[in-house]
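Enquirer: A predicted structure for the sequence below; I have some questions about it.
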Amino acid sequence: MSTVVATHSAASQSKAKYSFNKLQKRLRRNVGKAIDQFAMIEDGDRVMVCLSGGKDSYTLLDILLYMQRIAPIKFSIVAVNLDQKQPGFPEHVLPDYLASLGVEYKIVEEDTYSIVKEKIPEGKTTCSLCSRLRRGILYRTATELGATKIALGHHRDDMLETLFLNMFHGGKLKAMPPKLVTDDGKHIVIRPLALCSEKDIERYARAAEFPIIPCNLCGSQDNLQRQNIKQMLQDWDRRFPGRIESMFRAMQNVTPSHLVDGTLYDFKGITTSEGPVADGDIGFDTPKLPAMDVPDEDSIVQIVNLTE
Ligand code: SF4
């Protein structure tokens, strides 16, 4: 009996290890792809990895340290945490973890919590001032540390949420860039998790047992509009598997001639002598799914779902 139990537990352990390895490989591959596709890290870079203590930034640091070991180029990493003096912030957790990794790190202590509490009336959302203050401090720290790149832990789902936030509330088709120059023009911000899904990151962080620090210490509610969008996307993901992936592919596959922004595409300059544009006029066509020229009944149901 005990031999059967032991065999069963060994089998489930090896299954868990196999699926963890697969997950780890997928995350590493996606980070490698993003770094390559957007030329995020170059030889000689000093990458400042911003670590909040949440699942995303732990995963980011973990994978970048791996990349550093195997990359054909040389770059250095310095982890930075901003201790914003929120009540109950466990000060020892990150230094202990970072020391155990042997990575260079800096903890910056700035009481932005009190500033935000003082400036923002009770009941109002504090996140926008808090993030602005945090951004300024992190840029300054990057200068002090001589960092050439600032790596943030935003992932694919953050980018999609931002796209919908901007569409629903800002009237803009705009998401979150994988790479950009900071407002002060001195640094380049990179988001190496841009191609990674939040689900994968969540599972990875749990399996790797990162010492997560809760993100509600400041007592602020998560931005309600972002929460609503998150729920909408999660609901779509449950009801229409593949939709999130398709939408994210769409963000990497834009056709300006088929949008309505005259600054991106010279509609005024269109003449017949230039011939038809790429992708042509599909206004009268039935939307096509890949490899599906003549839709059957099932496909039409899918098309309706995809286009509703
Ligand atoms: S949740 Fe709290 S710590 Fe995070 S940005 Fe908002 S106010 Fe700042």
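Expert: Ah, there it is. Numbering: from 1, shown residues only.
Enquirer: from now on I want contacts and neighbour counts done on CA atoms only, so please keep to that.
Expert: Noted.
Enquirer: now stretch 13-32: mean pLDDT?
Expert: Average pLDDT, stretch 13-32: 92.
Enquirer: correction: stretch 195-206
Expert: Per-residue scores along stretch 195-206 average to 97.
Enquirer: which of the residues in it are buried?
Expert: Neighbour-count burial for stretch 195-206, with 16 or more other Cα atoms under 10 Å as criterion, is recorded at 195-198, 201, 204-205.
Enquirer: return that stretch as PDB; C-alpha atoms alone will do.
Expert: Listed in PDB are the C-alpha atoms of stretch 195-206, where the atom choice follows Å, rounded to 0.1, in the frame of the first residue of the first chain:
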ATOM      1  CA  LEU A 195       4.600  39.100 -24.800                       C
ATOM      2  CA  CYS A 196       3.800  37.100 -21.600                       C
ATOM      3  CA  SER A 197       0.300  36.400 -20.300                       C
ATOM      4  CA  GLU A 198      -0.700  37.300 -16.800                       C
ATOM      5  CA  LYS A 199      -2.000  33.800 -16.300                       C
ATOM      6  CA  ASP A 200       1.500  32.300 -17.000                       C
ATOM      7  CA  ILE A 201       3.100  34.900 -14.700                       C
ATOM      8  CA  GLU A 202       0.700  34.100 -11.900                       C
ATOM      9  CA  ARG A 203       1.300  30.400 -12.100                       C
ATOM     10  CA  TYR A 204       5.000  30.800 -12.300                       C
ATOM     11  CA  ALA A 205       5.200  33.200  -9.300                       C
ATOM     12  CA  ARG A 206       3.100  30.700  -7.300                       C
END
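Enquirer: what does that stretch contact?
Expert: For stretch 195-206, the external contacting residues (Cα atoms under 8 Å, 6 or more residues apart in numbering) are 20, 23-24, 27, 30-31, 33-34, 55-56, 58-59, 155-157.
Enquirer: count of residues packed around residue 224?
Expert: Residues near residue 224, counting by other Cα atoms under 10 Å, number 10.
Enquirer: pLDDT weak spots in the stretch 201-308 of the chain?
Expert: Applying pLDDT under 70 to the stretch 201-308 of the chain flags residues 217, 220-222, 282-308.
Enquirer: could you pull out the helices for it?
Expert: Assigned by DSSP state H, counting those that start in this stretch, the helices in the stretch 201-308 of the chain fall at 224-239, 243-251, 297-307.
Enquirer: what's the longest one in contact with?
Expert: In this structure, residues lying in contact with helix 224-239 by Cα under 8 Å, 6+ apart are 161-162, 164-165, 243-244.
Enquirer: the residue in the chain that the ligand sits nearest to and residue 162: what is the separation?
Expert: In the chain, the residue that lies nearest the ligand is residue 127 (3.4 Å; Cα to the nearest ligand atom). Per Cα to Cα, to the nearest Å, residue 127 is found 15 Å from residue 162.
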